[in-house]
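> All I have is the shape, not the residue letters:
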Ligand SMILES: Nc1ncnc2c1ncn2[C@@H]1O[C@H](COP(=O)(O)OP(=O)(O)O)[C@@H](O)[C@H]1O
Ligand SMILES: [Mg+2]
């Protein structure tokens, strides 16, 4: 780690923002009076990286970063480490309760090519933020905070920590400085690699064991077998053709046997239809029946004709029927006329009585009228009596009334009115009855006259008996003609049925002929497949058809059939023999071939066809070829596996050796012990110079503590803790410089905060010389904090730190020398 730019803003005693540029110097000093803020600058370097500062004690306490009156502050640093550039920033704030917390923390990798003043803007890769910044800074610097403060920044008053550290602590630091823990990791890795190499070797050996059959001899045997099979495959073509020819023979023999069997079956099926023997007589009987019936129909038809002639001769029955109807009508008219005349005469006779009754009723009505008038007068007189006075004139006769007359009260007027109305109504009814009788009598008289004149107009009537006799004769002739027609119809029906039957018999006969023909045709066809030589020699073709007698024709054919069946039986036996011979030949040839195949380990299925036999050989050949290919592949794999086993076993051995060497940190301890020996030897040399030859350093054999050899005391050893303050600083400085220069070349800066005040001028001179040599000799930054002017003056670059009421300030002062 080498700081280039350090920026402070309200950090510790610094108030105004200030940026300290370390980029163009390898050796500088921070100078100024006590309390100016020199240590604060060293603190800022530490704080920027780890977020804490040695003098605060407790790690992680940021409260001290801000002065009590300050509300917010910031530290930022640009630094190089291991060839890369980084920027780290930490900003703090004080909250309302006065507690200080980190507001922002970040660590970025920066572009080393960018100008320093813009370094923070040239971020190549953000690395961490917040809590992650400290562990990342530790990774980047390669040092934990506790070791950073022992070998990079040696804080004021604590420079002897490494010198006085316990051996274990020193070892830890060296492990970190030398990255020695990598050897433990290597050992673990080697152990794992050994394990996996052994496993792989074992796996490969197992695989190899499975391939034990893949020998050179096996390969040679397989190749020979393949060659033999190939020769067999080439050679069996002719044998297979022979087998195929044999099979062809068998198929033909089978077909011929089937043909003979078929002919036998056709012959066996041949049978005469049941009706054939009686068919001829049935045909004759049917023809005779038709003839007889035809004659009968002719006779009956002649009878029918005669009956209808007779009927026609009697004429139409319409005329006598009309004459009879006219006779009936005339008699009904005469009866009507006579009855009407009698009614008219009776009506005239009744008229005189009705006229007398009407007269009587008129008279009764007149009498009733008169009676009523009288009653009315009686009522008027009775009424006047009351107004008469004696001596006064009578209103009726105008004579003076002498005496008042005595009147009885007259009868009721309303009764008289009713009697008059009744009498008048009766008279009216009697008159109406007379008038009606008169009208009716004259009407009847006119009707009688009309009917009588109609009757007189009719023609003269015929003779009823004669007419009825004529009609009866016609009816009789009609019945005779009807019977004759029915007889003809019945006879025609019988004739038709006889003809139908004859037709059926004809049809049966035709079918029987047809059956015979087709049976013969079948025989001809089935016979066509027979051996023609044999057929001709026996002269036994179906007999020719003679179409005169069906029954005889059938009998001739059946007789021929019996002979033919005998010949077919003999032919079948011959074919069976041929077939058996052909099969025997095939079986023998096939057996011979199968034996040959078996000699080559090819076992085809029983009764295999020639194609199957060929396929069996081809299959065996293909299998042998693929077996050989597989075997060759296995042998290649076996060779690879052998090589792999050897390689993995070697790897395991190497890993085992390595792990053994690095076992239980032995190597790490050895490395650290060597480093410590070199460190102590180098530091011892520096200390001898610084102490003007009085002191050297050495490691205590038993405890591992660092001891001093005091040459002023006869070279006796004592603990380093017994050194005075100034001597302790010299020893610590010698160790720090050795650590930085000789052991850990990666430590490219060292900051020493004070301690020089304890040195006498001569020693100070030696220290200054030593530092100058160290600064000049290597690419390493050395920063001193001192208020000792004699030393400060000898450092080429000085940062003068001062403090006033506004806090601390830094000023880079001119380069000395
Ligand atoms: N956290 C802090 N806040 C404010 N002032 C501080 C803080 N730490 C130290 N100081 C003061 O800052 C001044 C500078 O201290 P320091 O850097 O140690 O001085 P020196 O120049 O002697 O090394 C001192 O007066 C010290 O008391
Ligand atoms: Mg100080």
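Received, thanks. Quick caveat, the model's predicted, so the values are computed rather than measured. Ligands and ions are numbered 1, 2, ... in the order given.

> Could you pull out the buried residues of stretch 754-771?
Burial within stretch 754-771, assessed by neighbour count using 16 or more other CB atoms under 10 Å, is assigned to 754-756, 758-759, 763-764, 766-768, 770-771. Just so you know, the C-beta spots here come from the backbone N, C-alpha and C atoms, and that holds for glycine as well.

> out of the residues you listed, who's nearest ligand 2?
Proximity of those to ligand 2 (CB to the ion) peaks at residue 754, which lies at 5.9 Å.

> Name the SS class of whatever residue of the stretch 101-250 of the chain ends up closest to ligand 2, please.
Evaluated by CB to the ion, the stretch 101-250 of the chain has residue 156 as its residue closest to ligand 2, separated by 4.8 Å. When states are read from DSSP: H, G, I helix; E, B strand; the rest coil, the local structure at residue 156 comes out as coil.

> That one touches residue 756, doesn't it?
No - because the distance of 11.0 Å does not satisfy CB atoms under 8 Å, residue 156 is recorded as not touching residue 756.

> what residues are up against the residue in the stretch 301-450 of the chain positioned nearest to ligand 2?
Distance from ligand 2 to each residue of the stretch 301-450 of the chain (CB to the ion) is smallest for residue 301, at 173.1 Å. The neighbours of residue 301, taking CB atoms under 8 Å, 6 or more residues apart in numbering as the test, are residue 488.

> Confirm that it lies within a helix, as I assumed.
Yes - going by three-state DSSP, the assignment for residue 301 places it inside a helix.

> do you know how far it is from residue 388?
Between residue 301 and residue 388 the distance, using CB to CB, to the nearest Å, works out to 130 Å.

> Over to residue 670?
Summarising the geometry, the distance separating residue 670 from residue 388, computed by CB to CB, is 202 Å.

> what's the answer for residue 662, then?
Looking at residue 662 against residue 388, where the rule is CB to CB, the gap reads 195 Å.

> Give me the more crowded residue out of those two.
Neighbour totals were compared for residue 662 and residue 388, and residue 662 leads with 21 against 15 (other CB atoms under 10 Å).

> Let me see the contact set for that one.
183-184, 186-187, 190, 668.

> mind running it again at 10 Å?
Neighbour list for residue 662: 183-191, 668, 670 [criterion: CB atoms under 10 Å, 6 or more residues apart in numbering].

> Would you mind listing what in the stretch 1-150 of the chain touches ligand 1?
Contact residues, the stretch 1-150 of the chain versus ligand 1 (CB under 6 Å from any ligand atom): 12-13, 32, 34-40, 64, 67.

> Residue 152 against residue 49, yeah?
Yes - with the criterion set as CB atoms under 10 Å, residue 152 and residue 49 qualify as a contacting pair; they are 9.4 Å apart.

> Spit out the residues that contact the two alike.
Here residue 152 and residue 49 have 1, 141, 143 as joint contacts, going by CB under 10 Å, 6+ apart.

> Do you know the pLDDT at residue 534?
Residue-level confidence at residue 534 comes out at 47, pLDDT.

> dump the residue contacts of whichever residue of the chain sits closest to ligand 2.
Closest to ligand 2 within the chain is residue 39: 3.3 Å, counting by CB to the ion. Contact partners of residue 39, counting by CB under 10 Å, 6+ apart, are 12-13, 30, 53-55, 155-157, 753-754, 785, 801.

> so which strand or helix has it?
Per DSSP states H and E: residue 39 is located in helix 38-50.

> right, and the helix or strand after that helix?
Counting by DSSP H and E, the next helix or strand C-terminal to helix 38-50 is strand 72-81.

> by how many degrees do that following strand and helix 38-50 diverge?
Counting by axes from the mean of the first three to the mean of the last three CA atoms, to 10 degrees, strand 72-81 lies at 70 degrees to helix 38-50.

> So what's the gap between strand 72-81 and the chain middle?
The gap between the average C-alpha position of strand 72-81 and the chain average comes to 64 Å, counting by CA atoms, centre = their mean, to the nearest Å.

> Can you name the residues of the stretch 151-300 of the chain sitting close to ligand 2?
Within the stretch 151-300 of the chain, the positions near ligand 2 by CB under 5 Å from the ion are residue 156.

> in the stretch 151-300 of the chain, which spans are strands?
Across the stretch 151-300 of the chain, reading from the start of the chain, the strands by DSSP state E, counting those that start in this stretch fall at 153-154.

> Could you do the stretch 701-817 of the chain as well?
Assigned by DSSP E, counting those that start in this stretch, the stretch 701-817 of the chain shows strands spanning 706-710, 716-719, 749-753, 781-786, 797-804, 807-813.

> Take the ones you listed and lay them out in JSON lines including distance to residue 257 and mean pLDDT.
Formatted as JSON lines, those follow (distance: least, CB to CB, whole Å; pLDDT from 0 to 100):
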{"stretch": "strand 706-710", "distance to residue 257": "123", "mean pLDDT": "93"}
{"stretch": "strand 716-719", "distance to residue 257": "129", "mean pLDDT": "92"}
{"stretch": "strand 749-753", "distance to residue 257": "118", "mean pLDDT": "89"}
{"stretch": "strand 781-786", "distance to residue 257": "120", "mean pLDDT": "91"}
{"stretch": "strand 797-804", "distance to residue 257": "129", "mean pLDDT": "93"}
{"stretch": "strand 807-813", "distance to residue 257": "131", "mean pLDDT": "91"}
